[in-house]
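# 3D, please:
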Amino acid sequence: MPACTVTVTNKGSIDTDVVVLGLASRAAPDNFEWPIQQLFGFERVHVKGGDHATVTVHLAPQAITRVDSDGTESVVPGAYDLRLGGEPQGFATATLVVTGQPKVVSRLPKKPAGLDNK
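Predicted structure coming up:
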C-alpha cells in the first residue's frame with residue numbers, strides 16, 4: 001500500500017496537536033464518476049513548540065478503486081492528485097500514476113438462480 005510522508009513544523013512556542021489529512025482526487029476527468037476529493041487517511045501527532053514531526057499516511061486502496069453496477073470493485077489506472085496536510089499549515093501535493101489495465105479486487109457474490117426481487 002503506497003504511503004505519503006510529510007514533515008509538520010510547529011513554528012510557535014506552545015506545544016500542540018496537529019491532524020494531518022490525506023486527500024485524493026482524480027487528476028483528469030474520465031468515464032467514471034469520482035468524488036471531487038476523498039479522505040484516504042489521517043494521523044494525529046503532538047508537536048512541541050519550535051519542533052517538527054514526520055507523519056506518514058497510508059493510501060487506502062479505496063481511493064483508487066471504483067465499484068460498477070454489478071458490484072465489481074476494480075483499481076482504475078490513471079493519475080491521482082494526492083494532498084497531505086491541513087490548516088493552517090497548508091498541503092503538500094503529489095501525483096500518483098497507476099498504469100496498466102483495470103484490476104478487479106473484489107466481486108459481490110452472484111444471486112442464486114431462481115431468486116427474484118420480491
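# what separation do you get for residue 87 and residue 17?
Going from residue 87 to residue 17 by C-beta to C-beta, to the nearest Å gives 14 Å. Yep, even glycine has a C-beta here, placed from its N, CA and C like the rest.
# show the pLDDT at residue 118.
On the pLDDT scale, residue 118 is placed at 57.
# equivalent analysis for residue 109, please.
For residue 109, the predicted pLDDT is 82.
# against residue 71, how distant is it?
8 Å.
# compare those two and say which is more crowded by neighbours.
Neighbour tally, residue 109 and residue 71, criterion other C-beta atoms under 10 Å: the higher count belongs to residue 71, 11 against 6.
# check contacts around that one.
Contact analysis of residue 71 by C-beta atoms under 8 Å, 6 or more residues apart in numbering lists 107, 108.
# swap in 10 Å and give it another go.
Applying C-beta atoms under 10 Å, 6 or more residues apart in numbering to residue 71 gives the contacts 106, 107, 108, 109, 110.
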